[in-house]
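A.B. asks: Pasting a predicted model and its sequence here:
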Amino acid sequence: MSEENQANEFYKLFKRHLSSNTKAQLRIVNCVDVDWDKKTMKAVDNAGLMYFGISLGFGSVCVKPKKDAICVIGLLENQDTATWLVHTEMADEIVMQGGAMAVKVSNRLMVKNDKESLRDLLLELLKSIKRMTFTTNVGPTISLVNVADFMSIEKRLDDLLK
């Protein structure tokens, strides 16, 4: 089922839920497996009941829980097939998208729009700073005296940003 179909199905069930007396159910489970391409996971509760096809998000925000993480899932109208991730204690990745902007948090942070990324922009700025020359009383300088500092910052940025 596509993300759009999942979102539409969720919307229909939730709308029906709001007009009924059936309450949404929450379950505490452990993440067994994640299919990040499909944005779904499998989980098991303390009684050994397996849950399949748990939605990890509908496009604007998706959370990839760590394997074996304790998670809270929601069930609409007591249907084990209409489940979604409410919360996880540990996440491998979080993706947020809005319009042309995207933010991805994993082992490195990615912030980008449809034209460029924050990482590329900052690295370009550091390269420009390292190429700077200054005019002094004896003529232009040809290199920065603290170029090693900028190289260290560049390395740290590359480790932090994706």
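C.D. replies: Good, I have the coordinates.
A.B. asks: Can you name the next helix or strand after the helix-or-strand element of the chain with minimal mean pLDDT?
C.D. replies: Within the chain, confidence by mean pLDDT, DSSP states H and E is lowest for helix 3-18 among all helices and strands, at a mean of 66. Sequence-wise, the next helix or strand downstream of helix 3-18 (DSSP states H and E) is strand 25-35.
A.B. asks: Tell me the strands beside that following strand, with direction?
C.D. replies: strand 40-45 (antiparallel), strand 70-75 (antiparallel) (DSSP bridges).
A.B. asks: and for that strand, what are the contacting residues?
C.D. replies: The contact list for strand 25-35 (Cβ atoms under 8 Å, 6 or more residues apart in numbering) reads 40-46, 50-51, 56, 64-75, 78, 86, 88, 92. Using the backbone N, CA and C atoms, a C-beta is placed for each residue, glycine as well.
A.B. asks: Need the CA coordinates for it. CSV is fine.
C.D. replies: Presented in CSV, the C-alpha positions along strand 25-35 are these (Å, rounded to 0.1, in the frame of the first residue of the first chain):
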residue,chain,number,x,y,z
GLN,A,25,-5.9,1.6,21.9
LEU,A,26,-2.2,2.0,22.8
ARG,A,27,0.2,-0.9,23.1
ILE,A,28,3.7,-1.1,24.5
VAL,A,29,5.8,-3.3,22.2
ASN,A,30,9.4,-4.1,21.2
CYS,A,31,10.6,-3.4,17.7
VAL,A,32,11.5,-6.6,16.0
ASP,A,33,12.3,-5.5,12.4
VAL,A,34,12.1,-2.3,10.3
ASP,A,35,11.4,-2.0,6.6
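A.B. asks: if you average pLDDT over it, what comes out?
C.D. replies: In this model, strand 25-35 carries a mean pLDDT of 95.
A.B. asks: For that strand, buried residues please.
C.D. replies: 27, 29-31, 34 (16 or more other Cβ atoms under 10 Å).
A.B. asks: mind checking how far it is from the chain centre?
C.D. replies: Computed by Cα atoms, centre = their mean, to the nearest Å, the chain-centroid distance of strand 25-35 equals 18 Å.
A.B. asks: what do you get for stretch 84-94?
C.D. replies: For stretch 84-94, the distance to the chain centre is 9 Å (Cα atoms, centre = their mean).
A.B. asks: same deal with stretch 152-162?
C.D. replies: Distance, centroid of stretch 152-162 to centroid of chain: 19 Å (Cα atoms, centre = their mean).
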